[in-house]
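Engineer: Sequence first, predicted model second:
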Amino acid sequence: MQWSLYLLILMGQCCFFTCRLYEYHFIAENKSWYEAQRYCREKYTDLAKVFDMTDMSRLRNSTQNQGEAWIGLNNNTGGNRTWHWSLPGVEYIQNDSSWNLNGRTDKEKPGNCGRKRDKLANVSCDTNMWFICYDDKKTFYLIEEKKNWTQAQSYCRSHYTDFASGLNQVDGEEVKGLCNNSTFSAWVGLFRDRWRWSDGSNFSFRYWDMQLFNDTQSNKTCAMTLLNRSGKWSSDECDKEKPFFCYDDKLILINVNKTWEEALDYCRKNYRDLVSITNPQEQGWVQDKAKNASSPFVWLGLRYSCTLGLWFWINDQLVCYEKWSKNGTTEECDVAVGIQSGGQHEWFSQRKNEI
């Protein structure tokens, strides 16, 4: 079996047991969106991207400013819409068998949000219907209140974790059990839009202030965060001058074919260490980098200790957050872990001497 041609490494210094895989920087200079983009690419990595609400809190906490500031989201893509799942870190993979585009009822109009009945269909996001939420205990809830898609998303994020997202959830037996009555439809976490991140990443998180945001305003194609409105987002003309947020990426993908031990040694000699993933935010940033690998997997800094019978990160932390593939763990001596470069970027254990 061919193992990873790439490995992930973390640059910089660490304090205590935590390392930041990325940092936000607020730049209190008024620039157009494109000038801000150029500045961030010269001084840091790019205009800021946001994975989830934890990132939004970090972004807001990096400044005392209460005005408007550019972020790295833009609608300068020629109008092509792309499907996303609402739950951060779940990537959309097309599966035609999950869809029934002709299955809309007479009252449903085609649109840019996904609802579930027997199958998925794209309908207008302004439609009011029941919806399905998901929590971090991997439990699903059918909410029998009629809301439009955006209102339903806000409800799920406030009371649970997010919408049910991903085909493994939406097509799973639990959701089928909730939707066993084919006479009703329910929102799930599927939407499509024209907006893209400046660095080309596929982060699906959106935080629009729907009172101020209008996706059809063709001249307002650059996104800003409204720091005086809980950090929610709106859009403006790209030539307007505003302060802005940059991000500094400390992850590097190395195009070298090595065993896990060789990769660990290489990272410690040339940078800091193999990467450790301790929360969903770090998983999201790592998988966004890993998708650029040409090999099936990318080594992580996780290995199994036969002596203690435990999985340990190389920074000596226990595994608190995990994203194992089904049947992906083998608790044996000389086993380490890689992340898939494609699919849902799950973890697999593999012999350390595999290349």
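Structural biologist: It's in. Numbers count the residues shown, from 1 in each chain.
Engineer: Name the helix or strand for the residue nearest to T63 when sequence neighbours are not counted, please.
Structural biologist: Nearest non-adjacent residue to T63, counting by CB to CB, 6 or more residues apart in numbering: F26, 3.7 Å away. Where you see a C-beta, it was placed from the backbone N, CA and C, and this is true even at glycine. Element membership of F26 [criterion: DSSP states H and E] is strand 22-31.
Engineer: next helix or strand past that strand?
Structural biologist: Where DSSP H and E defines the elements, the next helix or strand beyond strand 22-31 is helix 33-43.
Engineer: who's in contact with the helix or strand just after that following helix?
Structural biologist: Per DSSP H and E, the first helix or strand lying C-terminal to helix 33-43 is strand 46-47. With CB atoms under 8 Å, 6 or more residues apart in numbering as the contact definition, strand 46-47 has outside contacts at 33, 36-37, 40, 70-72, 198-199, 244-247, 249.
Engineer: try stretch 150-165
Structural biologist: With contact meaning CB under 8 Å, 6+ apart, stretch 150-165 is reached by 53, 85-88, 90, 116, 125, 131-136, 140-141, 143, 145, 147, 170, 175, 187-190, 208, 210.
Engineer: now those residues: which count as buried?
Structural biologist: With burial judged by 16 or more other CB atoms under 10 Å, the buried subset of those is 85-88, 90, 116, 125, 131-134, 140, 143, 147, 170, 175, 187-190, 208.
Engineer: Can you tell me what sits against stretch 74-81?
Structural biologist: Contact partners of stretch 74-81, identified using CB under 8 Å, 6+ apart, comprise 33, 112, 192-196, 198, 215, 221-223, 235, 238.
Engineer: Show me which pair in those residues is furthest apart.
Structural biologist: For the contacts of stretch 74-81, the maximum inter-member distance is 23.7 Å, found between W33 and N112 (CB to CB).
Engineer: now the strand holding F26, how far from the centre of its chain.
Structural biologist: Here the centre of strand 22-31 is set off from its chain's centre by 22 Å, with CA atoms, centre = their mean, to the nearest Å.
Engineer: That strand pairs with which strands?
Structural biologist: When pairing is defined by DSSP bridges, strand 22-31 lines up against strand 242-249 (antiparallel).
Engineer: Counting by contacts, list what the following helix or strand past the partner strand packs against.
Structural biologist: Remark: after strand 242-249, the chain's next helix or strand is strand 251-255, criterion DSSP H and E. Under the contact definition 3 or more CB pairs under 8 Å, 6 or more residues apart in numbering; DSSP states H and E, strand 251-255 sits against strand 6-10, helix 280-290.
Engineer: Now do the SS call for the residue sitting furthest away from the middle of the chain.
Structural biologist: Centroid-distance maximum for the chain: T307 at 35.4 Å, with CA atoms, centre = their mean. Using DSSP: H, G, I helix; E, B strand; the rest coil, the secondary structure recorded for T307 is coil.
Engineer: Could you do the one 4 residues further on as well?
Structural biologist: At W311 the chain is in strand, as set by three-state DSSP.
Engineer: Skip the chain neighbours and tell me the closest residue to it.
Structural biologist: Take W311 and drop its neighbours on the chain: the residue closest to it by CB to CB, 6+ apart is V319, 4.6 Å away.
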